[in-house]
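**Q** Pasting the sequence and the predicted model now:
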Amino acid sequence: MKIFTLEFWSYAGERAIKTFAQAAIAALGAGSVGLFSIDYAGLISVSAGAALLSVLTSIVAKSKA
């Protein structure tokens, strides 16, 4: 599978979405907070950073293969 294929980006996108969700759950689970006291900007920032790292990891792993 090459990096410039729809198949690669489909799998990389799926992994990034899963990573985003996992990071958000981990950030929420780190402390007991109420629904209205969550720092949503920080939560999204951390989760988006994790998703970006997932995509970059997919690219690097595929370029070495």
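**A** Arrived safely, thanks for sending.
**Q** When you work out contacts or count neighbours from here on, use the C-alpha atoms and nothing else.
**A** Noted.
**Q** is it true that residue 16 touches residue 52?
**A** Yes - using C-alpha atoms under 8 Å, residue 16 makes contact with residue 52 at a distance of 7.0 Å.
**Q** which of the two has more neighbours?
**A** Shown here are residue 16 and residue 52; by other C-alpha atoms under 10 Å, residue 16 has more neighbours (24 against 17).
**Q** Regarding the more buried one, which helix or strand does it belong to?
**A** Using DSSP states H and E, residue 16 maps to helix 6-29.
**Q** Nearest the geometric middle of the protein, what residue?
**A** Nearest residue to the geometric centre of the chain (C-alpha atoms, centre = their mean): residue 51, 2.2 Å.
**Q** tell me which element that one is part of?
**A** Using DSSP H and E, the element containing residue 51 is helix 40-64.
**Q** buried residues in that helix?
**A** For helix 40-64, burial by neighbour count (16 or more other C-alpha atoms under 10 Å) applies to 43-44, 46-48, 50-52, 54-55, 58-59.
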